[in-house]
Structure formats: C-alpha cells, structure tokens
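**Student:** Here is a sequence together with a model predicted from it:
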Amino acid sequence: MPAGMGTLTALHKLSVFIVGIAHRASVSETKTARLRDLKALDKLSGRLHIKILGEMKDPLNEAKEANLSSKHGLSQLLLEGNSDAGKLDEAVLDGLQPPPNLRKLRIEAYRGQRLPTWASMDSLNCSLPNLVVVELSEWGSCLNVPLFSRLRSLKRLSLDSLKSVEYMENSRYDASPSSSSTSFFPSLEVLELRSMDKLKSWWRMEAGAAVDAGQRTSSSTSSTEVQPQHIQPSFFPRLLKLEIRDCPSLKSMPLCPNVEELELVGVNKELKVLTTVVMPREGASRLKTMRIDDIGGLISLPTDCLRGLTSLIIRNDPKLLDLSSLAEVFRSLSSLESLEIYYCNGLRSLHGGLEHLSSLKKMAIRDCEQLDLSAEDKEIGMPWKALKGLQSLTLAGIPRMLALPDGLQHLTALRSLEITSNYELMTIPEWINCLGSLEFLDIWQCPKVKTLPEGIRFLTSLKCLQISRCQKGLTERCRGLNGDDWPKIQHIPVVDVRG
C-alpha cells in the first residue's frame, strides 16, 4: 500500500490496510504505508483489516501512533501478521489497542509469548466490553488467552491453532461465594476450539481435586497447579454449538447442558459426550446435531438424550465395523433425519441398524474402503426397504461397490441420488425406473460405467442429470442429438455432461 494514506482524513471506509511489502528490499520504506499513517483517520467506520508484511524499526511507538483506540466508528477489526518477515509481535499488538466500541475482533499469526496489556488478566472486560465475536488463530507461542468469561456480550468464541496454551483460565471464575454461575459466559452461543495441542482443561487445578457436578479432572496435572477456594458451579448457560477438534490433551470441560450442535473429533478419549452435555441427575440433553469420531461416546449416552437428535455424522472411526454395534442407539433415534458416515475404513456392512431409522431423509456414505454393499441384498432389500422416507442418498468413494445394491429400488421417495468416485462401479441398473420421485441424479468419476439403462426413460420427475469425469464413451453417448443414449434422457430439462 502506498505512503500518504494519512492525508485522507475524511476517509470513512478502508477495508484493508497493508503495512510494508514483504521480501521486496528494492522498495523504499518511504514509499510504503506505515502504521502511523492511520493516526489522523479518525472517521473510519465499519470493518478494518490491518495486514503487516514488513518489519518496523520502532514497533511499539509506531503502533501507538496509529491511535486505533480513538477510532470509535470501527465495529470490526482484523489484525494479521504474515511471516517472520512481517510478524505481529508483542510490541506491535501492545500498541494496537482497539477502540472500546468494537464488536468483532480477529487476530491472526500472533508471534508473542505474552498477552498485550489491554487484554491481560481482566483488562479485556474493561477495554473491549462490547465484544460479540472473538477469533484468534495461529498463536504459536502465547502461553495464555484473555479472560473471556466475563465478557457479557460475547456470543461467539473461536480459537484455532493456539499451540502453547494449556489452560483457558488459571482458576475457577470468581472465587467469591456470592458469585452467580450465570456470570460465566452469560451470552456465549458458539464455542470452537481447534488444533490446541497442549490444552488440558479449562481451569488450572490440582490433580484429583473435587469439581462441580458433571465435571472431570485430568489425571496427570502438575502439583504446581492452584486449587481455587469456594468453587462455584460453572457452566455455559446459553451455549448452543460446541466444536472441539484436534485437541488431544483436553480431558475435561465445563458443562454445556443446552448445547444443540456438538462436534468432538480428534479429542482425548477421557473427554466424554456424557460428561459434557448431559445435565447431572436429569439425564437429558438438547442435542440435535452430533459429529464424532468415536462411537463409544454415542453409545454411552442415556436413551433420553438421543430422542431429539436429528443429524448424526460419524467420521474416521476405525472401530466401526458394522452398524450392529449401534442397533440399540438407532432404536432410540426416532427423530434422526440425516446420517453421514465418512472415512470409516473398517466399516464392512450397513447391516444391523439402519432399519430402525424410520425418520431418515438424508444419508451419505463416503470413503469407506472396506464397505461391501452387496451383502445387504441377501436380506431381501434390508435395510433399504425400511427407509421409506429417504429423500437424498450419496454413495461416494466405495471401491468395493461393483453395482448399486438392489435394495435401493425400494426407496420410492428418493429425490436426489449422487454416485461419485466409485471407480469399480460397472453399471447403472435397469430398476432405476422404480425411483419414480427422483429429481436429481449425479454420476461423477465412475469410469467403468459405459452406458445408461433404458429405465432412465421412465424417470419423468427427473429435472437434472449430471455426468462428469466418466468414461469418454459414456459422455459421447449422452451428448447431443446424435448420442446413442440421448433418446433415453432427452425428456430431462437439464442435462449437464462434461468430460
């Protein structure tokens, strides 16, 4: 960004402000924008993204000269470092104190070890009391995070790749016996914790110390950790969505009794669904959507916790060999409308559970290398015959699928069928004409399918047919008036054929 931006004192909108030019030694500092150029731009409003690409001779003073705290019109601020050549270090972040009216703050690629003064201890509650959204990403060295739990307006907190943080807070929120449990994150609705390798627990506490109902402690905490006095029950009173991904050391969390959407992927096996979202003594939860990579957490839930579940995603669980282990669970899923199973390479059969999912409307099976769907046909169409309400089906990346299961012809309510990345699939069956409600058919990357069946003529409800990255012979047969398969599909309003 060129120098001289500081003269634009009437400027109201400046979406991106780039400081320096990385790896361009030939460009003089006098020709590029510096942080001090922001000093007089007090009329800025809305969103500002400050991207630091170059080094600074006096980073603290130059950052202070930007006078960000006086720009009361700003509602969103993104501070982004880049590489070691343009790092967002302690001095720079210390000087870039945001304005107090800020509602959204995102900080990327912070290289410092300590928090800036305006965010340390309980300072954030005073300096930025109106924050609604906070996103921190790629803080490789910082050992702590600000005390977010006192921010009364905070609704979304996203922490990604904070590699050195072990605890979110040093002690349980507010040691005073008069403290109200509702003071702990009173407005937070969405919490996302991703790739925090060293995170052990929310609070630093002694190994084996008693915690409030529904809590669990790490069995390997240090003897130097402090046990707070007068512990009050602390839980997220309004949290609706909780995502914890790739946090292998995390063993306990505050209770989240109102969570409706839960993702636990790549977490420590001691972090259980049961002790995270189920209210003690009540034995119930409000879960509607779950994404997990360990079916053990699902099996451990009481039946009453499952009745409201409408969406379930199971991915990358090597222990899932067939669905019979989930039969009892599936019997309780009377409201389940969507089931997705991804990257479960040990899964060999769908037998033993699907027939209980009478409310299922959407199903997707992707990248399950050992799955043999032909085994289901030996049960006279089971489990497909029971899925009378299924409207959407995706079968993708199933290398052992040579033909579509005959049981699919019982899916008379099916509206969407996606058959993708099935390299061994030989044919589309003639019985496809049984799918009278089908409106969308996608055949993608199925190189051994050579022709379309005659039965496709009778799919009068079909509105869109997509064929792409299949055998050249198939695409030629389906293209234009001269294609051999064109008479079979000419009644379809949208036909999209690509090589």
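**Tutor:** All right, it came through fine.

**Student:** CA only for contacts and neighbour counts going forward, please
**Tutor:** Noted.

**Student:** residues touching S164, list them.
**Tutor:** Contacts of S164 were listed using Cα atoms under 8 Å, 6 or more residues apart in numbering, and they are W139, G140, S141, C142, L143, N144, M196, D197, K198, L199.

**Student:** quick one: stretch 482-498 to chain centroid distance?
**Tutor:** Computed by Cα atoms, centre = their mean, to the nearest Å, the chain-centroid distance of stretch 482-498 equals 38 Å.

**Student:** let me redo that: stretch 62-79
**Tutor:** Between the mean C-alpha position of stretch 62-79 and that of its chain there is a distance of 30 Å (Cα atoms, centre = their mean).

**Student:** Can you name the residues in contact with it?
**Tutor:** Residues outside stretch 62-79 that contact it (Cα under 8 Å, 6+ apart): 34-39, 41-51, 56, 91-108.

**Student:** Export it to PDB, keeping only CA atoms.
**Tutor:** As requested, the backbone C-alpha atoms of stretch 62-79 are provided in PDB (Å, rounded to 0.1, in the frame of the first residue of the first chain):
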ATOM      1  CA  GLU A  62       4.700   3.200  15.600                       C
ATOM      2  CA  ALA A  63       1.700   1.000  16.600                       C
ATOM      3  CA  LYS A  64       0.700   3.500  19.300                       C
ATOM      4  CA  GLU A  65       0.900   6.300  16.800                       C
ATOM      5  CA  ALA A  66      -1.800   4.500  14.800                       C
ATOM      6  CA  ASN A  67      -4.100   5.600  17.600                       C
ATOM      7  CA  LEU A  68      -6.600   2.800  17.000                       C
ATOM      8  CA  SER A  69      -8.400   3.300  20.300                       C
ATOM      9  CA  SER A  70      -9.700   6.700  19.100                       C
ATOM     10  CA  LYS A  71     -11.500   5.300  16.000                       C
ATOM     11  CA  HIS A  72     -14.900   4.800  17.700                       C
ATOM     12  CA  GLY A  73     -16.600   4.200  14.400                       C
ATOM     13  CA  LEU A  74     -14.900   0.800  13.900                       C
ATOM     14  CA  SER A  75     -17.100  -2.200  14.700                       C
ATOM     15  CA  GLN A  76     -14.800  -5.000  13.300                       C
ATOM     16  CA  LEU A  77     -11.100  -5.300  13.400                       C
ATOM     17  CA  LEU A  78      -8.800  -7.900  11.900                       C
ATOM     18  CA  LEU A  79      -5.100  -7.800  12.900                       C
END
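
**Student:** Which ones among the contacts of stretch 62-79 lie within strands?
**Tutor:** Secondary structure of these is defined by DSSP state E; positions in strands are G46, R47, L48, H49, I50, K51, K104, L105, R106, I107, E108.

**Student:** can I get these in TSV with distance to L354?
**Tutor:** Shown next, in TSV, are those (distance: Cα to Cα, whole Å):
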residue	distance to L354
G46	50
R47	48
L48	50
H49	49
I50	51
K51	51
K104	44
L105	45
R106	43
I107	45
E108	44
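
**Student:** Give me the buried subset of those residues.
**Tutor:** R47, L48, H49, I50, K51, K104, L105, R106, I107, E108 (16 or more other Cα atoms under 10 Å).

**Student:** contacting residues for the first one?
**Tutor:** Translated: R47. Contacts for R47 (Cα under 8 Å, 6+ apart) come out as K13, L14, S15, L74, S75, Q76, L77.

**Student:** How about the fifth one?
**Tutor:** By Cα under 8 Å, 6+ apart, the contact list for K51 reads V16, F17, I18, V19, L79, E80, G81, N82.

**Student:** Who wins on neighbours among those residues?
**Tutor:** V19 (25 neighbours; other Cα atoms under 10 Å).

**Student:** returning to what we had before: ok, the contacts of K51 vs K155, which is closest?
**Tutor:** The shortest gap between K155 and any of the contacts of K51 belongs to L79, at 20.0 Å (Cα to Cα).

**Student:** thinking again about what came up before, sort out which of the contacts of R47 are buried, if you could.
**Tutor:** When burial is judged by neighbour count using 16+ other Cα under 10 Å, the buried members of the contacts of R47 are L74, S75, Q76, L77.

**Student:** Dump these to CSV, plus pLDDT and secondary structure.
**Tutor:** Below are the buried ones among the contacts of R47 laid out as CSV (pLDDT from 0 to 100; DSSP: H, G, I helix; E, B strand; the rest coil):
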residue, pLDDT, secondary structure
L74, 95, strand
S75, 96, strand
Q76, 97, strand
L77, 96, strand
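
**Student:** Dump the residues you listed to a markdown table, plus distance to T420.
**Tutor:** Formatted as a markdown table, the buried ones among the contacts of R47 follow (distance: Cα to Cα, whole Å):
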| residue | distance to T420 |
| --- | --- |
| L74 | 46 |
| S75 | 44 |
| Q76 | 41 |
| L77 | 41 |
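
**Student:** just the residues you listed now: which is nearest F330?
**Tutor:** Each of these was checked against F330 using Cα to Cα; the closest is Q76, at 44.3 Å.

**Student:** who's that closest one bridged to?
**Tutor:** Listed by DSSP bridges, the beta-bridge partners for Q76 are R47, K104.

**Student:** And it, how close does it get to R156?
**Tutor:** Spatial separation of Q76 from R156 under the definition Cα to Cα, to the nearest Å is 14 Å.

**Student:** Need the residue closest to the centroid of the protein.
**Tutor:** By Cα atoms, centre = their mean, the mean C-alpha position of the chain lies nearest to E243, the distance being 6.5 Å.

**Student:** list the helices and strands the helix or strand hosting that residue packs on?
**Tutor:** When elements are assigned from DSSP states H and E, E243 belongs to strand 241-247. Using 3 or more Cα pairs under 8 Å, 6 or more residues apart in numbering; DSSP states H and E as the contact criterion, the neighbours of strand 241-247 among helices and strands are strand 190-194, strand 261-267.

**Student:** again, 10 Å this time
**Tutor:** Helices and strands touching strand 241-247, by 3 or more Cα pairs under 10 Å, 6 or more residues apart in numbering; DSSP states H and E, are strand 156-160, strand 190-194, strand 261-267, strand 289-292.

**Student:** For the next helix or strand after the third one, buried residues please.
**Tutor:** For strand 261-267, the succeeding helix or strand toward the C-terminus, using DSSP H and E, is helix 274-277. Neighbour-count burial for helix 274-277, with 16+ other Cα under 10 Å as criterion, is recorded at L274, T275, T276, V277.

**Student:** circling back: give the bridge partners for the residue nearest to the centre of the chain, please.
**Tutor:** In beta-bridge terms (that is, DSSP bridges), E243 pairs with E192, E263.

**Student:** Just list the residues touching it, thanks.
**Tutor:** By Cα atoms under 10 Å, 6 or more residues apart in numbering, the contact list for E243 reads 158, 190-194, 261-265, 290-291.

**Student:** Please apply the same query to R348.
**Tutor:** L320, L321, D322, L323, C368, E369, Q370, L371, D372, L373, A375, R400.

**Student:** If we use 7 Å, what do you get?
**Tutor:** For R348, the residues meeting the contact criterion (Cα atoms under 7 Å, 6 or more residues apart in numbering) are L321, D322, Q370, L371, D372.

**Student:** Skip the chain neighbours and tell me the closest residue to it.
**Tutor:** Nearest non-adjacent residue to R348, counting by Cα to Cα, 6 or more residues apart in numbering: L371, 4.0 Å away.

**Student:** hang on, isn't L11 packed against K43?
**Tutor:** Yes: between L11 and K43 there is a contact under Cα atoms under 7 Å: 6.2 Å.

**Student:** What are the contacting residues of the lowest-mean-pLDDT helix or strand in the chain?
**Tutor:** The helix or strand of the chain with the lowest confidence, counting by mean pLDDT, DSSP states H and E, is helix 274-277 at a mean of 76. Outside helix 274-277, the residues within contact range by Cα under 7 Å, 6+ apart are G214, Q215, M253, P254, L255, C256, P257, V259, S285, S300, L301.
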